[in-house]
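**Q** Everything below, folded, please.
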Amino acid sequence: MVAAPASGAGKTTLVLALLAALRARGMAVRAAKTGPDYIDPGFHRAASGHVSFTLDPWAMPPPLLAALLEKAALGAEFLVVEAAMGLFDGAPLAPSAGPPAGSAAALAVAFGLPVLLVLDVRGQAQSAAAVALGFARYCPALRLAGVVLNRVGSAKHRRMIADSLAAIGIPLLGALPRLPELALPERHLGLVQAAEQADWPARLAAFAQAAEAYLDLDAVLAAMAETAPESPIPAPPSRAAALPPPGQRIALAADAAFGFVYPHMLAFWREAGAEIYPFSPLADEAPPDFCDACWLSGGYPELHAAELAAARRFRAGMLRFAETRPVHGECGGYMVLGQALEDAQGVRHAMLGLLGHATSFAERRLSLGYRRARLLADCALGRQGTVLRGHEFHYATIVEKGSDPPLAALADAAGADLGLAGGRRGRVSGSFFHAIALEELP
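**A** Just a heads-up that it's a prediction; the model follows:
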């Protein structure tokens, strides 16, 4: 596991450097991501050539985590799991002796994953060793395999930290300088996706070169190859908590406006016998008429609102589809199901009108956190009374509520009531909530 004390330390940079360099050496590499992230797994896939699964120890029960970890490692000589946020950051539940629920540390302890700690050392020197020592001692059940320094200013800077780490017996496995070619472009929900970067092959080559030059790759491989503690989880791999497919043949919106769908959901839908048929609303494509369910995933519709409003075949096809078959929209898909979407400039664009709400990206407000959702009616997500675990992360706001009945009753990770959310009308449903796994069936 590659982890750090906080977000922004350089975890994704290190993971991409490891994947690119080891793949260039001819190794079979794979990656996974803790937490409810969509974007980093896309980078993992672009670097490794294989799907990267989300592993969420708060939203997923241990058997589902075991099944996904097994899938993630299939055929791999090297599997790296990128942690979310800080290593010990998790759901705000009651304190316990072990790592916090939902944290990357909880996953590392449960499955015996050795941890490679990334330290952003801008503005500090020997203090970095104190941080590393604190992380090594905070949870005795977690094994810290070594440290990689990021954004090192000079050879002298590196030496000062290296000497301090050596004095406390923590291995230093690399030190990345401040290289502009390793910086990745960002926007409001995170990094600009790898598929949208025209210079991605050159960027990946730069990551591989940096790894060879500044990391001790042989030491990293040796540290990762050490025998890890056996997992204390006795449950066999299981997909029992996976979300059931909404249909036998699922039309999936998939393009630059609709890119956020969890790989584990698609994998388990296929294992359950469903077939997935991608289509592009931005290319003015309608959902295939032979499908029996339609899924509008999250993404960036606010960046493409004018094109979506002008996509007449997409609109006509969606209206026709919704007359007889279920349609569900998550987050960005939910925004497109509504009456209108106001972009960042305050321009209002007509959307599908399958639900009665309207959203605005001009009136921005961050909504972020884990969610428990109890369905109030049968829909594409499941039967009435089903409880789902998932996540919410968006800046858009609802400026017109409409009159549709709500889809779900929400609570946060600590169980606090968040009220009613989403909407449903006929066979159409949607909400800002991203479903990850089942908690219980009605």
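**Q** Where do the helices of this protein begin and end?
**A** Using DSSP state H, the helices assigned to the chain run over residues 11-24, 39-48, 62-73, 104-111, 127-138, 155-167, 200-214, 217-225, 263-271, 305-310, 312-322, 332-337.
**Q** Quick one: list the elements packing against the third one.
**A** It refers to helix 62-73. Contacts defined by 3 or more C-beta pairs under 8 Å, 6 or more residues apart in numbering; DSSP states H and E place helix 62-73 against strand 29-34, strand 53-55, strand 78-82, helix 104-111, helix 263-271. The way it works is simple: take the backbone N, C-alpha and C, and place the C-beta from them, glycine included.
**Q** for Lys71, what are its contacts?
**A** Lys71 makes contact with Phe53, His264, Ala267 under the criterion C-beta atoms under 8 Å, 6 or more residues apart in numbering.
**Q** Skip the chain neighbours and tell me the closest residue to the last one.
**A** Right, the one you point to is Ala267. Of all residues not flanking Ala267 in the chain, Lys71 sits nearest, at 6.7 Å (C-beta to C-beta, 6 or more residues apart in numbering).
**Q** now do the same end-to-end measure for stretch 426-433.
**A** Separation of the first and last residues of stretch 426-433 by C-alpha to C-alpha, to the nearest Å is 19 Å.
**Q** And that stretch, what's buried?
**A** For stretch 426-433, a neighbour-count test (16 or more other C-beta atoms under 10 Å) marks Arg427, Val428, Ser429, Gly430, Ser431, Phe432, Phe433 as buried.
**Q** Among the residues you listed, which one sits closest to Pro62?
**A** The nearest member of these to Pro62, counting by C-beta to C-beta, is Phe433 at 23.0 Å.
**Q** Touching, that closest one and Arg389? I think so.
**A** No. Counting by C-beta atoms under 8 Å, Phe433 stays clear of Arg389, with 9.9 Å between them.
**Q** hey, what's in contact with both of the two?
**A** What both Phe433 and Arg389 touch, as defined by C-beta under 8 Å, 6+ apart, is the set Arg371, Ala373.
**Q** Quick one: mean pLDDT over stretch 394-403.
**A** The predicted model assigns stretch 394-403 a mean pLDDT of 92.
**Q** before we move on, what about stretch 4-21?
**A** Stretch 4-21 comes out with an average pLDDT of 94.
**Q** Just the C-alphas of it, formatted as CSV.
**A** Backbone C-alpha positions of stretch 4-21 (Å, rounded to 0.1, in the frame of the first residue of the first chain) are rendered in CSV as follows:
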residue,chain,number,x,y,z
ALA,A,4,0.7,9.4,3.2
PRO,A,5,-0.1,11.6,6.2
ALA,A,6,-2.5,13.7,4.1
SER,A,7,-4.0,14.3,0.7
GLY,A,8,-1.7,16.0,-1.8
ALA,A,9,1.5,14.4,-0.6
GLY,A,10,2.2,12.6,-3.9
LYS,A,11,0.6,9.2,-3.5
THR,A,12,-0.7,9.1,-7.1
THR,A,13,2.6,10.3,-8.4
LEU,A,14,4.5,7.5,-6.6
VAL,A,15,1.9,4.8,-7.7
LEU,A,16,2.1,5.9,-11.3
ALA,A,17,5.9,6.0,-11.2
LEU,A,18,6.0,2.4,-9.7
LEU,A,19,3.5,1.0,-12.2
ALA,A,20,5.2,2.7,-15.2
ALA,A,21,8.7,1.7,-14.3
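**Q** And it, how far out from the chain middle?
**A** Relative to the mean C-alpha coordinate of its chain, stretch 4-21 is positioned 15 Å out (C-alpha atoms, centre = their mean, to the nearest Å).
**Q** what does stretch 337-345 give?
**A** Centre-to-centre, stretch 337-345 and its host chain are 25 Å apart (C-alpha atoms, centre = their mean).
**Q** Give me the buried positions along stretch 201-212.
**A** Arg203, Leu204, Ala206, Phe207, Ala208, Gln209, Ala210, Ala211.
**Q** In contact with Leu352, which residues?
**A** Taking C-beta under 8 Å, 6+ apart as the test, what Leu352 contacts is Arg315, Met318, Leu319, Val336, Leu337, Gly338.
**Q** scratch that, Val118
**A** Neighbour list for Val118: Val2, Ala3, Ala4, Ala9, Gly10, Lys11, Leu14, Val147, Val148, Leu149, Asn150 [criterion: C-beta under 8 Å, 6+ apart].
**Q** what about the fourth one, distance to Ala219?
**A** Here Ala9 is placed at a distance of 20 Å from Ala219 (C-beta to C-beta, to the nearest Å).
**Q** before we move on, what about the third one?
**A** Summarising the geometry, the distance separating Ala4 from Ala219, computed by C-beta to C-beta, is 19 Å.
**Q** Those two: which is more packed in?
**A** Between Ala4 and Ala219, counted using other C-beta atoms under 10 Å, Ala4 has the larger neighbour count: 26 against 15.
**Q** Next up, the contacts around the more buried one.
**A** Gly10, Lys11, Ala83, Gly86, Leu87, Leu117, Val118, Leu119, Asp120.
**Q** mind checking how far it is from Gly86?
**A** Taking C-beta to C-beta, one finds Ala4 at 7 Å from Gly86.
**Q** again, but for Leu308
**A** For Leu308, the distance to Gly86 (C-beta to C-beta) stands at 37 Å.
**Q** picking up where we left off before, need the buried residues of stretch 201-212 in TSV with distance to Ala223, can you?
**A** As requested, the buried residues of stretch 201-212 are arranged in TSV below (distance: C-beta to C-beta, whole Å):
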residue	distance to Ala223
Arg203	26
Leu204	24
Ala206	24
Phe207	20
Ala208	20
Gln209	22
Ala210	19
Ala211	15
